[in-house]
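Q: any chance you can model this:
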Amino acid sequence: MQAEILIPTSNMSEAEWLEHRQKGIGGSDAGAIAGLSKWKSPIGVYLDKIGESPSENSSSEAAYFGHVLENVVAQEFSKRTGLKVQKRQAILQHPKHSFMLANVDRLIIGKKEGLECKTASEYLKGDWEEEEIPAQYLIQCQHYMAVTGYEAWWIAVLIGGNKFIYKKIERDEEIINYLIEIESDFWNNHVLKKNPPAFDGSEASTNLLKAIYPEGDGSLEPVELAPEASDLISNYEQAKLEEKEASERRKEAENKLKLLLGEREAAYTSDRLVTWKTISSSRVNSKLLKEKYPEVYEEVASSSLSRRFGIK
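A: Numbers count the residues shown, from 1 in each chain. Model (predicted):
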């Protein structure tokens, strides 16, 4: 099996690339559809594909520098492995499932293998320890293998600007069949039918709702919600109760461990290190600052809009 070319990208503008990206599901979309992405939910992908995403044309600094450093990561990978890589300046398309697209970073010359280039913050280095690969990237590479028919995909990551890691991912037919199934369902039953998937409890869905509805309309006159709201309220209140009970159990265990530690700042069990460290910290007393130095307070104070959710 060999991927087809949807369209060359060598002279394509970003606006054109975004337009063609809406014609199918790409590698970075696959993890979100599978519910494994930290940054995007299924509803976010859906809004992207129908052209209604509130952040469609915006990109973060992390994404910007990831793109800038892509060539650096690819060159370092070649240097360390001896494998030669080349760009494939085209959006590729699965020969049977036309909704499955791939805009790959690099292909390995002389092999049926590809390369995905990443950059990551120092804070995320734990995600890459030993044999670990973040789930959304593992799915992304399997998606590329599904589209291209390739046997393996490498992933190389520059962490914190000073640590370089590369790993090989073998083709997994079970995962690929699963991806074809869920992506087909998503494309045919949601995107094409304009039937949005449900919002979930992910941070990505929370951030999307903030972007779609940053402010209320100012009206305090309540309106009646749909009947399904009663079940959602019951679920919310039950989860809140369970959350409180779990928090109390956690706090009880924590206090008993503190009692065992006493004045000691560190101790261990057969498989855990327990610490209760003394940490010095300082913070600004905003109330006192406002009382004693009102002009300074007004100069440094900043305001922001947010929406507070509640049920009475």
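Q: list the contacts for Glu76?
A: 156, 158, 164 (Cβ atoms under 8 Å, 6 or more residues apart in numbering). Glycine gets a C-beta too; all of them are placed from N, C-alpha and C.
Q: what helix or strand does it sit in?
A: Assessed by DSSP states H and E, Glu76 sits inside helix 70-81.
Q: pull the residues that contact the helix or strand following that helix.
A: Heading C-terminal from helix 70-81, the first helix or strand you meet, by DSSP H and E, is strand 85-86. With Cβ under 8 Å, 6+ apart as the test, strand 85-86 has contacts from 74, 77-78, 106-109, 115.
Q: identify, from those, the entry nearest to Leu36.
A: Using Cβ to Cβ, Leu115 is the member of the contacts of strand 85-86 that sits closest to Leu36, with 20.9 Å.
Q: so the closest one: helix, strand or coil?
A: Secondary structure, DSSP: H, G, I helix; E, B strand; the rest coil: Leu115 is strand.
Q: what is the burial count for the nearest residue to it once chain neighbours are set aside?
A: In space, and not counting its chain neighbours, Leu115 is closest to Arg106: 4.0 Å by Cβ to Cβ, 6 or more residues apart in numbering. If you count neighbours by other Cβ atoms under 10 Å, Arg106 ends up with 24.
Q: how close does Arg106 sit to Gly26?
A: 16 Å (Cβ to Cβ, to the nearest Å).
Q: same check, this time on Gln75
A: 24 Å.
Q: Lys277 too?
A: From Lys277 across to Gly26, the span is 45 Å (Cβ to Cβ).
Q: what about those two, which has more around it?
A: Using other Cβ under 10 Å, the more surrounded residue of Lys277 and Gly26 is Gly26, with 23 against 6.
Q: the more buried one touches His94, doesn't it?
A: No. The pair formed by Gly26 and His94 falls short of the contact definition of Cβ atoms under 8 Å, at 11.4 Å.
Q: who touches both of those two?
A: Contacts common to Gly26 and His94, judged by Cβ under 8 Å, 6+ apart, are Leu101.
Q: what's the closest non-adjacent residue to Cys141?
A: Sequence neighbours aside, Trp153 is the residue nearest to Cys141 in space, at 3.9 Å (criterion: Cβ to Cβ, 6+ apart).
Q: next, the buried residues of the helix or strand containing that neighbour.
A: Using DSSP H and E, Trp153 sits in strand 152-159. Within strand 152-159, the residues scored as buried using 16 or more other Cβ atoms under 10 Å are 153-159.
Q: pull up the pairing partners for that strand, direction included.
A: When pairing is defined by DSSP bridges, strand 152-159 lines up against strand 113-120 (parallel), strand 163-170 (antiparallel).
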